[in-house]
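Novice: Okay, predicted coordinates and the sequence, questions at the end:
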Amino acid sequence: MSYQGHQVRIGADIGGTFTDVVLEAGPIQKSAKVLTNHAEPEQAIVEGLVKVAEKAGIDIDQVDQVIHGTTLATNALIEHRGAKTAFITTQGFRDVIEMRTEGRFEQYDLNLILPPPLISREHRYVVAGRIAASGDELIALDELALEAIAQKIKSSDYESVAIGFIHSYMNGTHEQRARDIIADYIPGVSVSISSEVSPQMREFERFNTVCANAFVKPLMASYLERLVECLEVVGADCPVFMIHSGGGLISIESAIEFPVRLLESGPAGGAIYAADFAARHGLDRVLSFDMGGTTAKICLIEQHTPKTARSFEVARTYRFKKGSGMPISIPVIEMVEIGAGGGSIGWVDALHQIRVGPESAGSEPGPACYDRGGENPAVTDADLLLGRLDADNFAGGDIPLVTGRSVKALECDIGSKLDMDSETAAIGICEVVDENMANAARVHAVESGKELGDYTMIAFGGAAPLHASRLCEKLNIDRLLIPPGAGVGSAIGFLRAPFGFEAVRGAYLKLSQFDPGWTNKLIQELSSEAEKFTRAGAPDARLKREIKAYMRYQGQGWEIVVVLPNRDFVAGDEAEIRRLFEVEYIRLFGRSLEGLDIEIMNWSVQSSSILPAVEPVAPVSSETLLSPTSKRRIFDAREQAFVEAGIYDRESMAAGSKVAGPAIIVENETTTIVNSAFEAIMQSDLCLLVQRKSRKTNAAD
Amino acid sequence: MQQTSGLTSVHMQVMWNRLISVVEEQALTLLRTAFSTSVREAGDLSAGVFDQDGKMMAQAVTGTPGHVNAMAVAVGNFIEDIGKENIFEGDSYITNDPWKGTGHLHDFTFVNPSFRNGRLVGYFASTAHVVDVGGRGFGPDANEIYEEGIYIPIMKFAERGEVDMRLIHIIRHNVREADQVIGDLYSLASCNDTGHRRLMDMMDEFNLDDLCDLRDFIFSNSLRATLEQLENLPSGSYRNEMTVDGYDAPVTMKVRLDVSSKQVLADFEGTSGLSKKGINVPLVYTTAYACYALKCTLAPTIPNNHASLQPFKVIAPVNCILNAVHPAPVAIRHVLGQFLPDVVFGALHKMLPDTVPAEGSSSLWNVQLGTTPVEGAIPSAGGGSQKTQLLMFNSGGTGARPTLDGLSATAFPSGVHTMSSEVIEQIGPITVWRKELREGSGGAGTRRGGLGQVIEISANPGHRIYINAMFDRCENPARGRDGGLAGAPGSVSLDDGSPMQSKGRQWIPDGKHLVLKLPGGGGYGDPKNRDRELVEQDVRRGYITEQEAREDY
């Protein structure tokens, strides 16, 4: 184990197309991209592992730790490909996951299709027994009926069982008893109960979450067991940890028990990756911007910590529209995802306006310029026509781009309809997609009560550096950081994650009836739960704790998150809690309200290991202005004109190298466009800092 | 030249998108701070930006079609009543006039002028349903508007930034839950402020002194696009009528659509006269839901603004039930309003077969409950002893579509969401015993109507509850289309089977459960033509019984 005194750690990210593997041992960092193996995903990891070990000259048996994140669970939900699952619920509530919110997420579509429930009605069973809102038992659990259901489950070959009862977040004993009865009847069957998977108030979200957990559990368990085995076979006989949606690490055993926590772990890696650079460069307010082939993801990072939420939505079925997916109530790094990527297709709507996405040309057939049969103009086609891409040097020259195809697609789908030439159509596509992303970022900031003006953007993902400087102009952001190795950002991010777990529970408290004893007991229970998971991965680490409450004025429907003091509560603390709530309320909404009681709906305790302090990146001491060897025409949207931009090779830029916009900085995986108003300075850690010309500051201040 | 005009149009388009984003932000601010259940859960609010003459440039898409173009007209009323010479920077105007706002006293509309460098450039308006307006409380039982609550004519809420505390004082002493109501009024004023600030940011970024060019671009594009959608419609007159339960007597709504390539006129001549109770509908609200049906069918992708709404006209004779004038009671105008799309669809079907759905449950089953502690009773642990008002939104089934089944337990045309039963039980002393799909309630057809739902509720020990019932389609179920059968009618009863009234305030006897069976949607096409596999699947899932499968299919 270990290499030259350094821990050898592997980060592995399985995405839809590629599996990325990164090896780190002290100063050594090597990465490999291999095609995802959909039948046996673990094989791609092994393949990547062999590659990086070879590149680094390190034997596989020297690997100390493997950290893994994957979209497999997400994909299983999107494709409704999981175990044959039965759902047992409270009598009278058989259809909670089918009736959803009773709303429509699109008001003007008469032919709207709602997402089907994960578990269809014939597989949902009800049993008498009732817990009240207070947690008291109103009606005892009908155990005889449960035995009959157990019999049915046994004879119908269900592979997995989900149990969700009303108010189980207040009192889980009925669910536990039901699990015991099922387990007695069918030893070894996989059972998930909602009071453990997601003890939060609101039955639709909680039931859906426990169903999702049960649905993917057998699949994920078998995959994770195979993975550990395969790694052992090739010599990596070391602990394997999983990254979870909240951005922390958990043991493989916890992951097998609660696979729903693995959803969105890949994107979480990207946010941690950005947060790590934020810490190294001393940036307290960061907007991370990840733009790939199909979607763009945006995340707010403050004090080097990505913003989190206690629920999210997966598998949106309708143009990434809110409400068209499944709600999952577990802690998550909060991200906005919109259908805007290099492959997003431009089209003209009934109003004769250019629209972009959410339909994407994907990687097959890809944008028109790939010349693989794609006939619709994609964002990449527009980028090519505006000079942002080099037709002969795309993806390191692996994919020759055919400009004629782009021109034809743009003329055909847009130019001819709007009486524009292909270049203007390309300008239209880029402006619209950039505006869409800027709007998504702006709305997300507003929802979080933030102004983006003093933020720094950190951009990664294949298409992001092409669009980031325009996005900064639109968002009035002055500084942009483009880290190296951004193509495998998520996998690197995995290696920067702490061990950690957030326990969340619904428990209703009116502040006017604040009871310190009750509160301390609740916090204690949540703390032990969170620490148990954290300790499973990091038995000896020093842990930190954060307590949060989801609060609102009595009568409101929207809770805001308030960080509470990290200590035991005493009588009289309600004044302090009210004050903290009001500070946050005023920050979000401008004013507090008088005469109203405050209620707490949900509580959360996060436990995580304390990460070693990062090494700050020293500011570059001197700058050398480079002059370009060649130039190309690019379109500058702010200037509303084509300008001559110098072309530079990123690899040939040393720390302190500076180029003035307009400029094109080329590397194998992507291209950075520096608009006329910006300049770029290579930093000592090979991050590219792009900043407004008028400002003469370094990233570190 | 081609490039310059092209660039200008790209630039205008980007600004238009930004303007829509500005009003979405305005609406979002309101949604997050509002107290009223119907605002936060149902999106019963609207927000919009207007030009300096009060013409609507953009409106946020929210949960309720009930404010579509009611709001578009409202700002003109404000300018007229306040008077141009009295409009100052920092002002904020208020009303809950049902005829100048959005149809009942519970909706407050706020308008703020937007000044840039001392010059009026436009207005922001917002509307939200507040928790209470005094009077009898939310329900149909009033005989005149005077009984329905406090009535604030168009006036200044704030002048040059100074809130009129006398007005606040009056309102505070005329409504229940005064803190929440006053909180909502401030929310309305401040969301308009948010809109204004975002507009100024946008005008800074794009270097604009006024909105005139952008307005002209939006209006000309919207009008042209809407007319393009009408261009190929078969001209002519198309009629339909539909009868529903009403308060104490059935109500028949009749429509005639006069369609040309320039305009669609909906005339409700022949519709029943006024009701004595608050189910009457002001014309603004009739217009909103009729336009919604027309837009959904004919121009669904074109955003609402002054120009895109122009080709749609709605008229109704004065003091028919769809054009009630002062002082008619109008508190629950939504019950009939939400049926208007069904009425209009029936006429549209004659013009454009295989386009619109069959009739649905349509009108929401809003459960408005009052709870009160029983004197001397010891309250149960946890629940506490509470006198409170609870409002739950519940939906029956929608009508089957030409190529798709109807949606079960889903709101249409309203865009509301239901509330979590767990949350309701935390807030008030009731228990929800049942809330699940109502088997066999969808109208049979080649495409089956959506299922209704069954709800069962009781008071917790130590409490009594009454219900302000406002339910329809108990006598007049949703009819099928083209051979499809009707959905099941609704019913209101106790758990022992004894029936209750579908409208008006009634106490639930101690120890009994209230049982609501919500209507199903109508079917589309002959049931005999339904795919056998779908029939079998429906039986397997319990959507229909085997007997129904044999008899209907």
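Specialist: Sure, I can see it.

Novice: any low-confidence regions in the stretch 351-500 of chain B?
Specialist: B:376-386 (pLDDT under 70).

Novice: Strands along that one, start to end?
Specialist: For the stretch 351-500 of chain B, the strands defined by DSSP state E, counting those that start in this stretch cover B:367-373, B:388-392, B:430-437, B:453-459, B:463-470, B:491-494.

Novice: closest one to residue A:89 among the ones you listed?
Specialist: Smallest distance to residue A:89 across the strands of the stretch 351-500 of chain B (CB to CB): 9.7 Å, for strand B:430-437. Every residue, glycine included, has its C-beta placed from N, CA and C.

Novice: if we can go back for a sec, and the strands of the stretch 351-500 of chain B as CSV, adding distance to residue A:395?
Specialist: Converted to CSV, those look like this (distance: least, CB to CB, whole Å):
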stretch, distance to residue A:395
strand B:367-373, 59
strand B:388-392, 56
strand B:430-437, 52
strand B:453-459, 54
strand B:463-470, 63
strand B:491-494, 65
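
Novice: got TSV for those strands, with distance to chain A and mean neighbour count too?
Specialist: Formatted as TSV, those follow (distance: least, CB to the nearest CB, whole Å; neighbours: other CB atoms under 10 Å in any protein chain shown):
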stretch	distance to chain A	mean neighbour count
strand B:367-373	13	19
strand B:388-392	10	20
strand B:430-437	3	23
strand B:453-459	7	23
strand B:463-470	13	22
strand B:491-494	16	18
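
Novice: which strands and helices sit next to the longest helix along chain B?
Specialist: Using DSSP state H to define each element, chain B has its longest helix at helix B:2-33. Applying 3 or more CB pairs under 8 Å, 6 or more residues apart in numbering or on different chains; DSSP states H and E, one finds that helix B:2-33 contacts helix A:422-447, helix A:573-589, helix B:37-40, strand B:45-51, strand B:56-59, strand B:119-129, helix B:178-205, helix B:212-231.

Novice: how about the CA coordinates for the last one, as PDB?
Specialist: Backbone C-alpha positions of helix B:212-231 (Å, rounded to 0.1, in the frame of the first residue of the first chain) are rendered in PDB as follows:
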ATOM      1  CA  CYS B 212     -41.200  51.700 -26.400                       C
ATOM      2  CA  ASP B 213     -39.200  49.800 -29.000                       C
ATOM      3  CA  LEU B 214     -39.300  46.600 -27.100                       C
ATOM      4  CA  ARG B 215     -43.000  46.900 -26.600                       C
ATOM      5  CA  ASP B 216     -43.600  47.500 -30.300                       C
ATOM      6  CA  PHE B 217     -41.500  44.400 -31.100                       C
ATOM      7  CA  ILE B 218     -43.400  42.300 -28.600                       C
ATOM      8  CA  PHE B 219     -46.800  43.400 -29.700                       C
ATOM      9  CA  SER B 220     -46.200  43.200 -33.400                       C
ATOM     10  CA  ASN B 221     -44.700  39.700 -33.100                       C
ATOM     11  CA  SER B 222     -47.300  38.400 -30.800                       C
ATOM     12  CA  LEU B 223     -50.200  39.700 -32.800                       C
ATOM     13  CA  ARG B 224     -48.800  38.300 -36.000                       C
ATOM     14  CA  ALA B 225     -48.100  34.900 -34.500                       C
ATOM     15  CA  THR B 226     -51.600  34.700 -33.000                       C
ATOM     16  CA  LEU B 227     -53.200  35.700 -36.300                       C
ATOM     17  CA  GLU B 228     -51.100  33.100 -38.100                       C
ATOM     18  CA  GLN B 229     -52.700  30.500 -35.800                       C
ATOM     19  CA  LEU B 230     -56.200  31.700 -36.600                       C
ATOM     20  CA  GLU B 231     -55.500  32.000 -40.300                       C
END
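
Novice: just checking, what packs against that helix?
Specialist: Helix B:212-231 sits against helix B:2-33, strand B:56-59, helix B:306-309, with contacts defined as 3+ CB pairs under 8 Å, 6+ apart.

Novice: Could you check how far the helix or strand that comes right after the last one is from the centre of its chain?
Specialist: Using DSSP states H and E, the helix or strand that follows helix B:306-309 towards the C-terminus is strand B:312-315. When distances are taken as CA atoms, centre = their mean, to the nearest Å, strand B:312-315 is centred 18 Å away from the chain's centroid.

Novice: what about residue A:460, neighbour count?
Specialist: Number of residues near residue A:460 (other CB atoms under 10 Å in any protein chain shown) recorded here: 30.

Novice: just residue A:694 next, same as before
Specialist: Residue A:694, neighbours per other CB under 10 Å, totals 8.

Novice: what is the mean pLDDT for the longest helix of chain B?
Specialist: Mean pLDDT, helix B:2-33: 84.

Novice: again with stretch A:93-101
Specialist: Stretch A:93-101 carries an average pLDDT of 97.

Novice: Residue A:390: neighbouring residues, count only.
Specialist: Using other CB under 10 Å, residue A:390 has 15 neighbouring residues.

Novice: Grab the nearest non-local neighbour of it.
Specialist: Distances taken as CB to CB, 6 or more residues apart in numbering or on different chains put residue A:666 closest to residue A:390, at 6.9 Å, once the chain neighbours are dropped.

Novice: what bridges to the one you found?
Specialist: Going by DSSP bridges, residue A:666 is paired in beta bridges with residue A:649, residue A:671.

Novice: so who does the closest residue to chain A within the stretch 201-350 of chain B touch?
Specialist: Of all residues in the stretch 201-350 of chain B, the one sitting closest to chain A is residue B:300 (4.1 Å; CB to the nearest CB). Each residue near residue B:300 by CB atoms under 8 Å, 6 or more residues apart in numbering or on different chains is listed here: A:108-110.

Novice: Buried among those residues? Need that as a selection in ChimeraX.
Specialist: Filtering the contacts of residue B:300 down to the buried ones (16 or more other CB atoms under 10 Å in any protein chain shown) takes a single ChimeraX command:
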select /A:108,110
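
Novice: which of the contacts of residue B:300 lies closest to residue A:256?
Specialist: Closest approach to residue A:256 among those (CB to CB): residue A:109, at 40.3 Å.

Novice: tell me the secondary structure for that closest one?
Specialist: coil (DSSP: H, G, I helix; E, B strand; the rest coil).

Novice: Leaving out sequence neighbours, find the closest residue to it.
Specialist: residue B:300 (6.5 Å).

Novice: burial count for the one residue in the stretch 501-650 of chain A that gets nearest to chain B?
Specialist: For the stretch 501-650 of chain A and chain B, the shortest gap (CB to the nearest CB) falls at residue A:557, measuring 3.2 Å. For residue A:557, the neighbour count with other CB under 10 Å is 18.

Novice: which residue packs closest to it, ignoring adjacent ones?
Specialist: Closest to residue A:557 by CB to CB, 6+ apart is residue B:40, at 3.2 Å.

Novice: rewinding a little: just how off-centre is the longest helix of chain B within its chain?
Specialist: Taking the mean of its C-alpha atoms, helix B:2-33 sits 25 Å from the chain's own mean (CA atoms, centre = their mean).

Novice: cool, stretch A:374-394 as well?
Specialist: A distance of 28 Å separates the centroid of the chain from that of stretch A:374-394, by CA atoms, centre = their mean.

Novice: Just the CA atoms from it would do, formatted as CSV, please.
Specialist: Output in CSV follows, covering the C-alpha atoms of stretch A:374-394 (Å, rounded to 0.1, in the frame of the first residue of the first chain):
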residue,chain,number,x,y,z
GLY,A,374,-27.0,15.2,-37.8
GLU,A,375,-29.0,17.7,-39.8
ASN,A,376,-30.2,20.2,-37.2
PRO,A,377,-28.0,23.1,-36.1
ALA,A,378,-26.5,22.6,-32.6
VAL,A,379,-24.7,25.0,-30.4
THR,A,380,-21.4,23.5,-31.5
ASP,A,381,-22.3,24.4,-35.1
ALA,A,382,-22.9,28.0,-34.1
ASP,A,383,-19.6,28.0,-32.2
LEU,A,384,-17.8,26.8,-35.2
LEU,A,385,-19.3,29.4,-37.5
LEU,A,386,-18.4,32.2,-35.1
GLY,A,387,-14.8,31.2,-35.1
ARG,A,388,-14.7,29.7,-31.6
LEU,A,389,-13.7,26.3,-32.7
ASP,A,390,-11.0,25.2,-35.1
ALA,A,391,-12.5,22.7,-37.6
ASP,A,392,-9.2,20.8,-37.9
ASN,A,393,-8.3,20.7,-34.3
PHE,A,394,-11.5,19.7,-32.4
